[in-house]
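# Predicted model and sequence follow; I will ask about them next.
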Amino acid sequence: MASYPMRIRARARDGVADIKVLIEHPMETGLRKDASGKLVPIHFIQNVVATCNGKTVLNAQWSQAISKNPFLGFKIKGGKPGDKVNVSWVDNEGMKGSIDATVEKA
Amino acid sequence: MKYVSLLLALAGMLACSVVVAAASPEQDRQHLIEVYKKELPNVKFDDYVHGALALNKDALEQYQSIMEMPPWLDVLDKGKKLWETPFKNGKTYADCFPNGGKDVAGNYPQYDRKLKKVVTFDMALNLCREQNGEAPYDLSDVKTMGTLEAYARTLSDGMKMNIKVDGPGALAAYNKGRDLFYSRRGQLNFACATCHVDNAGKRVRVELLSPTIGQATHWPVFRGTGKLTTLQRRYQQCQKNVRAVPFKIGSEEYNDLEYFHSYMSNGLPLQASVWRK
Amino acid sequence: MDSVRRTFLKMAGAAGGLAVAMATGLVRIGEAVAAWDKAAFGQKSAKAAVSDIGAASAVESKDIHIKAPEIAENGAVVPVEVTSNIPNTESISIVAEHNPYPLTAIFTFENGTEGYVSTRIKMGKSAPVKAYVKAGGKYYVASRDVKVTIGGCGG
């Protein structure tokens, strides 16, 4: 089973939690040819959902034009150290990923 | 037409960069510092590590944005695992280097008097493998040596480059590297110096030419979305760009070149794991 | 939770219940239900994609700030950061006008998340990058030209 490691950094300052996430995902457009000249099938993250203490804060829909190994940065107003953040995703093949973080002081 | 006149201009300019024979490495480095002070008056010495990015604010900002959370952290994890996994005999790479491998990469390449040749950092990693009963890695394989080296250099991040050229053997190797750097090659008849000394700061088509000083601090680089490229792979690409036949990765020619090239970056901090376009 | 359910119902209602739920690839992520706007993302014209997301009559706003390079270093990874200072920003959609499929992303904010997003996109060629902001039920737009010397869509 393919694995798509994720990284997250969650830091709060002045009542705003700054969240940065990286997902190691190929985000194939379906337009790229591999070494043998064959087209690599389209394979990309379609949805990303972020929650803070269980409440949805961000709901993202992506196209295949988001870069490979995609990066996502967003801010949670009122976010503070100790808050629990989760970022989960699903791609067009039904593969999923998820990462948790506790907000730290910036 | 425009291209031909560009070539003629560059050929003419090469004639102007007369290289003083029999200068010491330190004199060579100081000479380049003076050249760049004139050519790139607005670039601070410390910013040479950013290469062409130091010449273009728009590009530097993209670099800083990507570096906030680079798209290759997975590779460094793999490299860490390669570094920390013991050999069959129970020893690790940390046992081969002073300080457990911390702050050592800036001392490479170095001249090995016993082996009578230049040893680059990746060769040193391979020597460690062989001394501990393991087969050496292919120097051009980014999945093994490239990945291991990328992680190993993070242990020396920020270390000031400290290449030493002591003794006649070392000086001879250094001079071979220097000669390669300054000699014209290929169909386009360019030397490394043509672009990176005489025309640093100018453009070749859309690309800005970086100064020699600072170049060797930041390899291997991660290109684009995270493709790992080593310094000697870049030498090959540059040689192909001037339509010259490239040397092999790990060849004496490239090792001597890297020796000279790295000396030119002495005093600047090593930059582990950086992004380039 | 409630707003996600409302979005789901709104999309389902727009073109006919369960059938469209399947077509748009509704799926569960944890507790949330995620829809994917297949129609809009499948549009080859920026105008049609913008119309599909309901932003056809978006008005220009100086309160939307797009941070993107003047000349992309690498078309495969162009950093784009959008800050909306319009009160009650509900969503930010990013359109790269000359991409094969211009609609690149739709970010919907809930429960007090700031109208801010940072990501990296692929651009096939030089184009205006537009950010459509939905706030208070209306759409606003800002644009920034990004030049691309070597496109990054993988061709």
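Yep, it's here.

# any idea how far the residue of chain A found nearest chain B is from residue B:105?
Relative to chain B, the nearest point of chain A is residue A:69 (3.4 Å; CB to the nearest CB). From N, CA and C alone the C-beta is placed, and that goes for glycine too. In this structure, residue A:69 and residue B:105 are 25 Å apart, going by CB to CB, to the nearest Å.

# got it, and residue B:55?
Distance, residue B:55 to residue B:105, by CB to CB: 26 Å.

# quick one: terminal-to-terminal distance for stretch A:86-99?
Across its full length, stretch A:86-99 reaches 6 Å end to end, with CA to CA, to the nearest Å as the criterion.

# Next, the buried residues of it.
Of the residues in stretch A:86-99, those buried under the neighbour-count criterion (16 or more other CB atoms under 10 Å in any protein chain shown) are A:86-92, A:96-97, A:99.

# can you list the residues you listed in CSV and add distance to residue C:63, pLDDT and secondary structure?
Below are the buried residues of stretch A:86-99 laid out as CSV (distance: CB to CB, whole Å; pLDDT from 0 to 100; DSSP: H, G, I helix; E, B strand; the rest coil):
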residue, distance to residue C:63, pLDDT, secondary structure
A:86, 30, 97, strand
A:87, 27, 97, strand
A:88, 31, 96, strand
A:89, 30, 97, strand
A:90, 33, 96, strand
A:91, 34, 96, strand
A:92, 34, 96, coil
A:96, 36, 95, strand
A:97, 34, 96, strand
A:99, 32, 97, strand
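
# restrict these to those near chain C?
When the buried residues of stretch A:86-99 are checked against chain C using CB under 8 Å from any CB of the partner chain, the ones in range are A:86, A:88-90, A:92, A:96.

# List just the nearest of those to residue B:41.
Taking CB to CB as the measure, residue B:41 sits nearest to residue A:89 out of these, at 48.2 Å.

# In the beta-sheet assignment, what are the partners of that closest one?
Beta bridges link residue A:89 to residue A:48, residue A:97, judged by DSSP bridges.

# so who does it touch?
Residue A:89 sits next to A:23, A:25, A:45, A:47-49, A:96-98, C:29 when contact means CB atoms under 8 Å, 6 or more residues apart in numbering or on different chains.

# Ok, residue C:115 next?
Residues in contact with residue C:115, defined by CB under 8 Å, 6+ apart, are C:83-86, C:89, C:92, C:109, C:133, C:135.

# buried subset of those?
Neighbour-count burial (16+ other CB under 10 Å) is assigned, among the contacts of residue C:115, to C:83-84, C:86, C:89, C:92, C:109, C:133, C:135.

# Would you format those residues as JSON lines with distance to chain A included?
Written out in JSON lines, the entries for the buried ones among the contacts of residue C:115 read as follows (distance: CB to the nearest CB, whole Å):
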{"residue": "C:83", "distance to chain A": "9"}
{"residue": "C:84", "distance to chain A": "11"}
{"residue": "C:86", "distance to chain A": "14"}
{"residue": "C:89", "distance to chain A": "11"}
{"residue": "C:92", "distance to chain A": "10"}
{"residue": "C:109", "distance to chain A": "6"}
{"residue": "C:133", "distance to chain A": "15"}
{"residue": "C:135", "distance to chain A": "15"}
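
# which among those are in contact with chain B?
Filtering the buried ones among the contacts of residue C:115 for proximity to chain B by CB under 8 Å from any CB leaves nothing.

# what pLDDT does residue C:54 get?
With respect to pLDDT, residue C:54 has a value of 97.

# Pull the number of nearby residues for it.
Other residues within reach of residue C:54 by the criterion other CB atoms under 10 Å in any protein chain shown amount to 16.

# One more: the one 3 residues further on?
Burial measure for residue C:57: 10 neighbouring residues, criterion other CB under 10 Å.

# Helix, strand, or coil at the residue nearest to it when sequence neighbours are not counted?
On the basis of CB to CB, 6 or more residues apart in numbering or on different chains, the spatially nearest residue to residue C:57 that is not a chain neighbour turns out to be residue C:139, at 6.9 Å. Of the three states, residue C:139 takes strand according to DSSP: H, G, I helix; E, B strand; the rest coil.

# Can you get me a residue count around residue C:139?
Other residues within reach of residue C:139, judged by other CB under 10 Å, total 20.

# Would you mind listing the residues in contact with it?
Residues in contact with residue C:139, defined by CB under 8 Å, 6+ apart, are C:54-55, C:57-59, C:132-133.

# export those to JSON lines and tack on secondary structure?
As requested, those are exported to JSON lines (three-state DSSP):
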{"residue": "C:54", "secondary structure": "coil"}
{"residue": "C:55", "secondary structure": "coil"}
{"residue": "C:57", "secondary structure": "coil"}
{"residue": "C:58", "secondary structure": "coil"}
{"residue": "C:59", "secondary structure": "strand"}
{"residue": "C:132", "secondary structure": "strand"}
{"residue": "C:133", "secondary structure": "strand"}
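
# Next, the contact list for residue A:103, please.
Taking CB under 8 Å, 6+ apart as the test, what residue A:103 contacts is A:10-12, A:17, A:79-85.

# ok, 7 Å please
With contacts taken as CB atoms under 7 Å, 6 or more residues apart in numbering or on different chains, residue A:103 has the following neighbours: A:10-12, A:17, A:79-83, A:85.

# Excluding chain neighbours, what is closest to residue 73?
You didn't pick a chain, so chain A it is. Of all residues not flanking residue A:73 in the chain, residue C:118 sits nearest, at 3.3 Å (CB to CB, 6+ apart).

# look at chain C instead
residue B:277 (3.8 Å).

# and the one you found, what is it in contact with?
Contacts were defined as CB under 7 Å, 6+ apart; by that measure residue B:277 touches B:223-224, C:73-74.

# Restricted to strands, list those.
residue B:223 (DSSP state E).

# Poorly predicted segments of the chain, please.
Here I'm looking at chain A. In the predicted model of chain A, residues A:1-2 satisfy pLDDT under 70.

# Correction: the question concerned chain C.
By pLDDT under 70, the weakly predicted segments of chain C are C:1-34, C:151-155.

# now the contacts of residue B:277: which count as buried?
If we count by 16+ other CB under 10 Å, the contacts of residue B:277 have these buried: B:223-224, C:73-74.

# Greatest separation within the residues you listed: which pair is it?
The two members of the buried ones among the contacts of residue B:277 with the most space between them (CB to CB) are B:223 and C:73, at 10.0 Å.

# any idea where the helices of chain A begin and end?
Counting by DSSP state H, chain A has no helices to list.

# Chain B contacts on chain A?
By CB under 7 Å from any CB of the partner chain, the part of chain A that sits against chain B consists of A:5, A:7, A:9, A:20, A:22, A:24, A:67-69, A:71.

# contacts with chain C among the residues you listed, please.
Here is what survives when the residues of chain A next to chain B are matched to chain C using CB under 7 Å from any CB: A:67-68, A:71.

# Just the buried ones from those?
In those, the ones that pass as buried (16+ other CB under 10 Å) are A:67-68, A:71.

# Need the residues that contact stretch B:155-164.
Under CB under 7 Å, 6+ apart, the answer for stretch B:155-164 is B:101-107, B:109-110, B:217, B:259, B:262-263, B:265-270, B:272.

# secondary structure element for the spatially most central residue of chain C?
Nearest to the centroid of the C-alpha atoms of chain C, with distances taken as CA atoms, centre = their mean, sits residue C:93, at 2.2 Å. Take DSSP states H and E as the rule and residue C:93 turns out to sit in strand C:89-96.
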